[in-house]
Every structure is written in structure tokens, then in C-alpha cells.
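K.L.:
Let's see this in three dimensions:
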Amino acid sequence: MKPVLIFGCGYTGSEVARRLLKEGTKVYATTRNPAGLREIETLGATVLRLDLTETHADNKWIKLVPPKVRVLLSVPTLKADGNLFDPTPRIVEILGDVSSRVVYLSTTGVYGSTREVDEQTPAAPETRRQHLRVEAEEAVAQGPWPSLMLRPAAIYGPGRGVHRALSEGRYKLVGRGDNFVSRIHRDDVARHAIEALSSNITGAYPVADEEPCTSRVIAAFCARHMNLPMPKSVTSDEVDEPRRADRRVDGSAIREKLGIELYYPSYQVGIPASIAAER
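P.N.:
Next up is the predicted model:
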């Protein structure tokens, strides 16, 4: 594959970088804290400092990136001075015409309170965070390159997810836990991103595994698996915005287009694998 520039080498972006580097692809990665990307730098990535909370950051580093680089945007909404903002429009400005293709990792949060989601479901943002994400997608789509928006459901894996939050005493059920949640394992998101970078597919697609379930069902599964008590119930205003969702997501369309078979088609295989990887 042509060189890849990754904005946002966090939980998912770093996994994409690791996989690309092992395949022999040249990877450039931006971060506000270069020390945090020591692992992928050791594997051969070129790490470039970029703090998107700095209004007047020096962007001369973009000259180090080869022309026609493929770009993965994996930057979430951020907070500066207590206010939410999305740096994606600024990233688009920084890129100019350097990129030959952009893949943006968005979120199923853009569907708002829509309860059944597939590839034909339009975005329906309601909250400030959701509107910012839709505006970010629009900024990418208006750039001088072909682009694809991937909208992952809740991402979990080693070190992240219901199992981890439950083991640390942080997980709470919203009411009876009857709200449906779709998920996708980090490794499967990474695979979607890598295949998307080398494809010519455009548009926007939800990304999820094959088994959405209620919060209570997955909490019970994790509790049994780890021999822990069920979490307590709280009201919706006691949890973060993404935890309030009640949404079932069908991600089969983009899997078929990219020719992907999931490593972890269900939380019932993905969560035990994540726990094993942590051990």
C-alpha cells in the first residue's frame, strides 16, 4: 500500500499502525505526545508532533509527508477550555491536496436516537457532540480527494469495554439495562480501516459486529465470565452521553463491500479473547 498518514494514533489508530507496519507499509503518525507512540516508532513509524488543541500550532511537518499519501482520520471531538470542538475541519485545511484518499473513523452517534441503523439510515444528530461529528464528516467529504466515512459502534477490546469497566467497578446499568448496544472489536475496526484505505469505496457506512444486545445481557455475560456481581443501576443523567444510546446497528453492507469476515462476530467471542489478551 502507498504510505499512510494517521491522525489520532490512540486505541484504534495505533492498532492500524502496527498492522500496516508489519505489512511493510510506511506509516506517519501525528500525536500531541510523541513518547506515547514509542512502540510504533520502534516498529518503523515516523512520529510527528501535532497538538490539535493549540490554535497556532506549527504545521511545517506536513512537508515531511510524501505526496498522494493515504490518510486515516481517527480523531474524536476534543475539549479545550471546557468547550467541545472537533479538529477535523482544521485537519482538512492542513492536508490541502497532499492526500490521495481519506478514511474517517466517525461514530454511530451521528444517528442520534434512531434505534435501527443500516447503510441507508441518514445521520440524525441531536446533541452538540453529534452535530460536531456530522460537521466533521461534511468537511472530509468536501475535500479534494475521494473519501469514506466509517461509523463504528462501541469499540471494545483488550483494556477497553464493559468487561474492563465492570472489573474496575466503573460500569453502571442505565435503568433496567434494556437499551440495545451494538459493538465492534478494535481489531475488526482496524481491519475495516486498512481495507478501506486501499479501496475506492466512497460514502458513509455503519460498522458493527453481528450481535447487538442489551446492556443487561452483556453485563450478565461479563459478570459470569469474571465471577463478579452485576453492576448497580443508575439514571441516564449519571452516565456519559454515548452510554445512553438505544441502537441496533447492521454493519453488513460495508463488510460485504470490503470483503471482510469478522475476527469477532459477537461479544461472546470477542470479550473472552480480550480478557485473555490482557492476561
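K.L.:
Now do the contacts for the nearest residue to residue 52 once chain neighbours are set aside.
P.N.:
Leaving aside its chain neighbours, residue 52 sits nearest to residue 87 (3.9 Å; criterion: C-beta to C-beta, 6 or more residues apart in numbering). Where C-beta positions appear, they are placed from N, C-alpha and C, glycine not excepted. Counting by C-beta atoms under 8 Å, 6 or more residues apart in numbering, residue 87 touches 52-53, 75, 78.
K.L.:
switch to 10 Å and redo it
P.N.:
Contacts for residue 87 (C-beta atoms under 10 Å, 6 or more residues apart in numbering) come out as 7-8, 50-53, 73, 75-78, 80, 94, 132, 136.
K.L.:
For those, pick the one with the most neighbours.
P.N.:
Within the contacts of residue 87, most neighbours by other C-beta atoms under 10 Å means residue 73, with 27 neighbours.
K.L.:
burial count for the residue lying closest to that residue once chain neighbours are set aside?
P.N.:
The shortest distance from residue 73 to any non-neighbouring residue, by C-beta to C-beta, 6+ apart, is to residue 104 (4.4 Å). Residues lying near residue 104 (other C-beta under 10 Å) number 28.
K.L.:
SS state for residue 104?
P.N.:
Under DSSP: H, G, I helix; E, B strand; the rest coil, residue 104 falls in the strand class.
K.L.:
Next, find the distance separating it from residue 180.
P.N.:
Relative to residue 180, residue 104 is positioned 25 Å away (C-beta to C-beta, to the nearest Å).
K.L.:
residues contacting residue 118?
P.N.:
Neighbouring residues of residue 118 by C-beta under 10 Å, 6+ apart: 205-206, 208, 248-253.
K.L.:
Quick one, grab the pLDDT at the residue nearest to residue 52.
P.N.:
pLDDT recorded at residue 87 is 90.
K.L.:
Make 537 the starting number, not 1.
P.N.:
That works, and once the first residue is 537, the last one we named lands at residue 623.
K.L.:
Which ones among the contacts of residue 654 lie within helices?
P.N.:
Secondary structure defined by DSSP state H assigns 788-789 of those to helices.
K.L.:
For residue 708, which non-adjacent residue is spatially closest?
P.N.:
In space, residue 708 is closest to residue 770, 4.5 Å off (C-beta to C-beta, 6+ apart).
K.L.:
Kindly provide the distance from residue 665 to residue 630.
P.N.:
Note on residue 665: its distance to residue 630, by C-beta to C-beta, is 23 Å.
K.L.:
picking that back up, quick check on the residue nearest to residue 708: phi, psi?
P.N.:
phi -140, psi 170 (degrees, to the nearest 10).
K.L.:
One more: the one 10 residues further on?
P.N.:
Backbone torsions for residue 780, taken as degrees, to the nearest 10, come to phi -90, psi -10.
K.L.:
How about residue 812?
P.N.:
Backbone torsions for residue 812, taken as degrees, to the nearest 10, come to phi -60, psi -40.
K.L.:
do residue 681 as well
P.N.:
Taking degrees, to the nearest 10, you get phi -150, psi 160 for the backbone angles of residue 681.
K.L.:
what about it, neighbour count?
P.N.:
By other C-beta under 10 Å, neighbour count at residue 681 equals 18.
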